[in-house]
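# have a look at this fold, sequence not included:
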């Protein structure tokens, strides 16, 4: 390796760290409100909030309050929210028909937000687990998550969300071929401008537990999701998934979870140079909140440091439950 720097003391790397002004001049990455997507949980009712016990500070909101949250996010400089429904267990079936009901929670929330906060980007979740009596992201036949029948259901779900006014579809199911099928259906239906942010490298992770509580899927889940989500040991397989989803028509790609998989973010960005995102998932959020609540860490500093880590790794943006709090700190300077 060719030496590019003079020896000490001609080179003293601490010189540019000496003052806040010098550190600001030499800072390599910036975190802005534009980098944030806020995941929001939606529930039935009017004027309803429900605490998520395993995610301190996170609540489910009825549609009317979700509209208010969207307005607050937009006013805070957050450009996008992502909707996740808490579906009445009575509506969950083996065929997941509620997933494409035009009047389901997600679709009602999309329309209501667009009527009041038209400029904010609305991202949705495209997966069957909130509607599945067995808690899986795809349809289950004889204990097997069947791929092609699941893709057909996911396409119907995606079209219903596009009709409701979603800006970005987030297929998180990890079924093979679903991006191509969705893109073709969107084009045929005239939804040519609806973007797809594919969960292209989504791992079968233990970090998702609190999220499943938040959407009511943990109690329903039978077995695990290892036959369709990625093995945490596999990086090359993750890159293959990204390549396939881009070839099928994804506009943006996501790595999930976030901080334990920052190596994948960097690999994806370097290999494909496309808009790349990560999800700071519920388990990551809950650990930071719990440690901060016990006084073991400085919660605000760790929160902001964790978000900067995503930017440093190559993320164009991050889905994070910290979005409103982070936006306030960013705008305060």
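Done, it's in. In this text, all values refer to a predicted model and were calculated from it rather than measured experimentally.
# from here on, just use CA atoms for contacts and neighbour counts.
Fine.
# name the nearest residue to residue 280, sequence neighbours excluded.
residue 258 (4.7 Å; C-alpha to C-alpha, 6 or more residues apart in numbering).
# tell me the contacts of the one you found?
Residues in contact with residue 258 (C-alpha atoms under 8 Å, 6 or more residues apart in numbering) are 278-281, 310.
# again with residue 243
residue 272.
# so which strand or helix has it?
Taking DSSP states H and E as the criterion, residue 243 maps to helix 236-248.
# do residue 271 as well
helix 262-272.
# go on, residue 134?
With DSSP H and E as criterion, residue 134 is part of no helix or strand.
# ok so, going back, and the helix holding residue 271, what does it pack onto?
Contacts defined by 3 or more C-alpha pairs under 8 Å, 6 or more residues apart in numbering; DSSP states H and E place helix 262-272 against helix 236-248, strand 276-280, helix 299-313.
# give me the buried stretch members for the helix or strand bottoming out on mean pLDDT in the chain, please.
Averaged element by element with mean pLDDT, DSSP states H and E, the chain has its least confident helix or strand at helix 209-215 (a mean of 81). Neighbour-count burial for helix 209-215, counted by 16 or more other C-alpha atoms under 10 Å, picks out 209-215.
# state the mean pLDDT of the helix holding residue 243.
Averaging pLDDT along helix 236-248 gives 98.
# any idea how far residue 5 is from the residue lying closest to residue 317 once chain neighbours are set aside?
Spatial nearest neighbour of residue 317, excluding adjacent residues (C-alpha to C-alpha, 6+ apart): residue 35 at 4.2 Å. Spatial separation of residue 35 from residue 5 under the definition C-alpha to C-alpha, to the nearest Å is 34 Å.
# neighbour count: those two, which is higher?
The neighbour comparison of residue 35 against residue 5 (other C-alpha atoms under 10 Å) goes to residue 35, with 23 against 8.
# surely that one touches residue 316?
Yes. Look at residue 35 against residue 316 with C-alpha atoms under 8 Å: they come within range, at 6.4 Å.
# where's the closest residue to residue 73 other than its chain neighbours relative to residue 40, distance?
Spatial nearest neighbour of residue 73, chain neighbours left out: residue 324 (6.6 Å); criterion: C-alpha to C-alpha, 6+ apart. Taking C-alpha to C-alpha as the measure, residue 324 falls 11 Å from residue 40.
# same check on residue 288?
For residue 288, the distance to residue 40 - C-alpha to C-alpha - is 19 Å.
# low-confidence ranges in the stretch 51-200 of the chain?
Applying pLDDT under 70 to the stretch 51-200 of the chain flags no residue at all.
# what segments of it are strands?
59-62, 80-85, 121-126, 140-141, 144-145, 168-171, 195-202 (DSSP state E, counting those that start in this stretch).
# if I pick residue 192, what's in contact with it?
residue 186.
# number the chain from 376, please
Sounds good: first residue 376 from here, last item residue 567.
# what residues sit buried inside the helix holding residue 618?
For helix 611-623, by 16+ other C-alpha under 10 Å, it's 613-614, 616-621, 623.
# with stretch 501-508 instead?
501-508.
# show me which of those residues is closest to residue 385.
residue 501 (56.2 Å; C-alpha to C-alpha).
# which residue is the nearest non-sequential neighbour of that closest one?
residue 546 (4.3 Å).
# test my guess that that neighbour contacts residue 574.
Yes. Under the criterion of C-alpha under 8 Å, residue 546 makes contact with residue 574 at 5.9 Å.
# confirm for me that residue 397 is in contact with residue 389.
No. With contacts defined as C-alpha under 8 Å, residue 397 does not count as touching residue 389, sitting 10.2 Å away.
# who has more neighbours out of these two?
residue 397 (12 against 9).
# quick check: the more buried one is in a strand.
No. Using DSSP: H, G, I helix; E, B strand; the rest coil, the assignment for residue 397 is helix, not a strand.
# check contacts around it.
residue 391 are the contacts of residue 397 under C-alpha under 8 Å, 6+ apart.
# try residue 501
Per C-alpha under 8 Å, 6+ apart, neighbours of residue 501: 529, 532-533, 544-548.
# check the gap between the closest residue to residue 570 other than its chain neighbours and residue 453 for me.
Excluding its sequence neighbours, the residue lying closest to residue 570 (C-alpha to C-alpha, 6+ apart) is residue 543, at 4.7 Å. Using C-alpha to C-alpha, residue 543 is found at 15 Å from residue 453.
# with that, I have no additional questions.
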